[in-house]
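[1] Provided below for reference: sequence and predicted model.
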Amino acid sequence: MKKVIVLGGYGNFGKRIVENLTSIENITVLITGRNLSKSSALVANLENTSAAKLEPLVIDIFADDFKDQLATLSPYLVIHTSGPFQGQDYRVPKACIECGAHYIDLADDRRFVCDIAELDNEAKDKGVLIVSGASSVPGLSSAVVERYQNQFNTIDSINLAIAPGNKAERGLATVEAILSYTGHPLNVFKEGRWQDVYGWMDSKVNDFGGFVGKRHLANVDVPDLELFPSRYGVTQQVSFQAGLELPILHKTMVGMAYLSKIGLVKNWAPLSKAIVGTSNVFLPFGSDKGAMEVLVCGKGNNGNAKKVKWILYAPKGNGPYIPTLSTIILARKLLSSDKQSSQQGTGAKPCAGLFELSEFDTYFDALGIHYEEQWFSEGIREEA
């Protein structure tokens, strides 16, 4: 029976991954973290309807004996959801390689994801797959770009945006990650060259259409900013922005970014708990509707200007499921195959181009999530 360890298994994203994996027979899912009562509570909530065997377990990834604990458990797959990943080293994926386990994480930290290939030779020697960033970015975002890239002769720009609803569940680790670079310089490919912009600045309003409409956006640091320019041969720009639905919260973040930029506040991350607590006062306001947009612009295969806009709409507070889907898809592929002959191969790599966009469709349908695409040629919208 294959063992799957979900680190942070009762957290914001971990619990959603565990919930999905419970439908798989002949596996044991170990729901781990530093709080046994929380992992036990999740087991109790799911075990009566679970085809998988569920077990709670206390594991601290920062403990001196973490590697030994992991080796004793002999897992087939380790899923790492215990963020924030900013500032983490590779102790978890390295421990997985040493004990011969596959590894997937939901990291959003640029350095953590982009540098994971440092472990490529070690992973190949052990015959395991190590994947970082199996989340909305770059997992889903790269699948979107690769759906359309063959219809472009040249890609000039890729602009990405995410706008969650105000009532969507807030994860402390996610907030801490964002605050760690709020007001700090981010190196991006813009106007055909690498230059700095600032986290949570350059605020603008974007119209997502549909039931989401206009939302405020600002600069966010993600692995795509570094991976996409070379991967897709982008000539001019790759940008990524996100925002808060309520203008008062969004503009407060922009103000906080300015205070960091001018040096009055070094780092907002230590105040994450207080900031999340304050933002929760506003939970009754706004909506539970979110969106994600990918805009690819360039020249088509006929040499004419061409662009495609892909927009994902998430109703009913289901937006927080989206970051888990890349991991779920990849985990299910690994669990349905033999470790030594996985179709996914071996080695260590960012989660870019590992699956087709169509592989998300079943999950989107189950969650009431849908997407639309709009094509434009020479500035004129084409009929669908």
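    Now that the structure is in, tell me what you want to look at. Numbers count the residues shown, from 1 in each chain.
[2] ok, now which residue in this structure is the farthest from the centroid?
    The C-alpha centroid of the chain is most remote from residue 302, which lies 34.4 Å away (C-alpha atoms, centre = their mean).
[3] On the three-state scheme, that one is what?
    When classified by DSSP: H, G, I helix; E, B strand; the rest coil, residue 302 comes out as coil.
[4] Could you check how far it is from residue 149?
    Computed as C-beta to C-beta, to the nearest Å, the residue 302 to residue 149 distance reads 16 Å. Yep, even glycine has a C-beta here, placed from its N, CA and C like the rest.
[5] Show me the strands in the stretch 101-250 of the chain, by range?
    Per DSSP state E, counting those that start in this stretch, the stretch 101-250 of the chain carries strands over the ranges 102-105, 129-132, 152-163, 185-190, 193-198, 204-207, 214-219, 237-242.
[6] from those, which stretch is densest packed?
    Among the strands of the stretch 101-250 of the chain, strand 102-105 has the highest mean neighbour count (mean count of other C-beta atoms under 10 Å), at a mean of 29.
[7] Output the contacting helices and strands for that strand.
    strand 77-80, helix 91-98, strand 129-132, helix 322-335 (3 or more C-beta pairs under 8 Å, 6 or more residues apart in numbering; DSSP states H and E).
[8] lowest-confidence helix or strand of this structure?
    Least confident element among the helices and strands of the chain, by mean pLDDT, DSSP states H and E: strand 380-381 (a mean of 68).
[9] Low-confidence ranges, the stretch 151-300 of the chain, go.
    Counting by pLDDT under 70, the stretch 151-300 of the chain contains no low-confidence residues.
[10] mind listing the helices for it?
    Taking DSSP state H, counting those that start in this stretch as the criterion, the stretch 151-300 of the chain carries its helices at 172-181, 224-231, 247-261, 272-279.
[11] tell me the contacts of the residue most central in space within the chain?
    With distances taken as C-alpha atoms, centre = their mean, the residue of the chain nearest its centroid is residue 135 (2.8 Å). For residue 135, the contacting residues are 106-108, 323-324, 326-327, 351, by C-beta atoms under 8 Å, 6 or more residues apart in numbering.
[12] Throw those residues into JSON lines and include distance to residue 28, neighbour count and pLDDT, thanks.
    Shown next, in JSON lines, are the contacts of residue 135 (distance: C-beta to C-beta, whole Å; neighbours: other C-beta atoms under 10 Å; pLDDT from 0 to 100):
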{"residue": "106", "distance to residue 28": "21", "neighbour count": "28", "pLDDT": "96"}
{"residue": "107", "distance to residue 28": "25", "neighbour count": "28", "pLDDT": "94"}
{"residue": "108", "distance to residue 28": "28", "neighbour count": "27", "pLDDT": "90"}
{"residue": "323", "distance to residue 28": "24", "neighbour count": "24", "pLDDT": "94"}
{"residue": "324", "distance to residue 28": "20", "neighbour count": "27", "pLDDT": "96"}
{"residue": "326", "distance to residue 28": "23", "neighbour count": "28", "pLDDT": "97"}
{"residue": "327", "distance to residue 28": "18", "neighbour count": "28", "pLDDT": "98"}
{"residue": "351", "distance to residue 28": "25", "neighbour count": "29", "pLDDT": "97"}
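[13] need those residues in JSON lines with distance to residue 215, can you?
    Formatted as JSON lines, the contacts of residue 135 follow (distance: C-beta to C-beta, whole Å):
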{"residue": "106", "distance to residue 215": "23"}
{"residue": "107", "distance to residue 215": "25"}
{"residue": "108", "distance to residue 215": "19"}
{"residue": "323", "distance to residue 215": "18"}
{"residue": "324", "distance to residue 215": "22"}
{"residue": "326", "distance to residue 215": "23"}
{"residue": "327", "distance to residue 215": "26"}
{"residue": "351", "distance to residue 215": "26"}
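[14] any idea which of these is the one closest to residue 271?
    Ranked by distance to residue 271 (C-beta to C-beta), those are led by residue 108 at 19.6 Å.
[15] Give me the distance between that closest one and residue 351.
    Residue 108 is 11 Å from residue 351, by C-beta to C-beta.
[16] what do you get for residue 257?
    Applying C-beta to C-beta, the value for residue 257 to residue 351 is 28 Å.
[17] Same question for residue 136.
    Using C-beta to C-beta, we find residue 136 at a distance of 10 Å from residue 351.
[18] Mutual contacts of the two, please.
    residue 326.
[19] hang on, the earlier thing: who touches both of residue 108 and residue 351?
    Counting by C-beta under 8 Å, 6+ apart, the shared contacts of residue 108 and residue 351 are 133, 135.
[20] if we can go back for a sec, generate JSON lines for the strands of the stretch 101-250 of the chain, with distance to residue 287 as supplementary columns.
    Below are the strands of the stretch 101-250 of the chain laid out as JSON lines (distance: least, C-beta to C-beta, whole Å):
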{"stretch": "strand 102-105", "distance to residue 287": "30"}
{"stretch": "strand 129-132", "distance to residue 287": "32"}
{"stretch": "strand 152-163", "distance to residue 287": "11"}
{"stretch": "strand 185-190", "distance to residue 287": "29"}
{"stretch": "strand 193-198", "distance to residue 287": "28"}
{"stretch": "strand 204-207", "distance to residue 287": "16"}
{"stretch": "strand 214-219", "distance to residue 287": "10"}
{"stretch": "strand 237-242", "distance to residue 287": "16"}
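[21] Is residue 53 bridged to anything, and to what?
    Bridge pairing for residue 53 (DSSP bridges) gives the partners residue 28.
[22] so who does it touch?
    Counting by C-beta under 8 Å, 6+ apart, residue 53 touches 1, 27-29.
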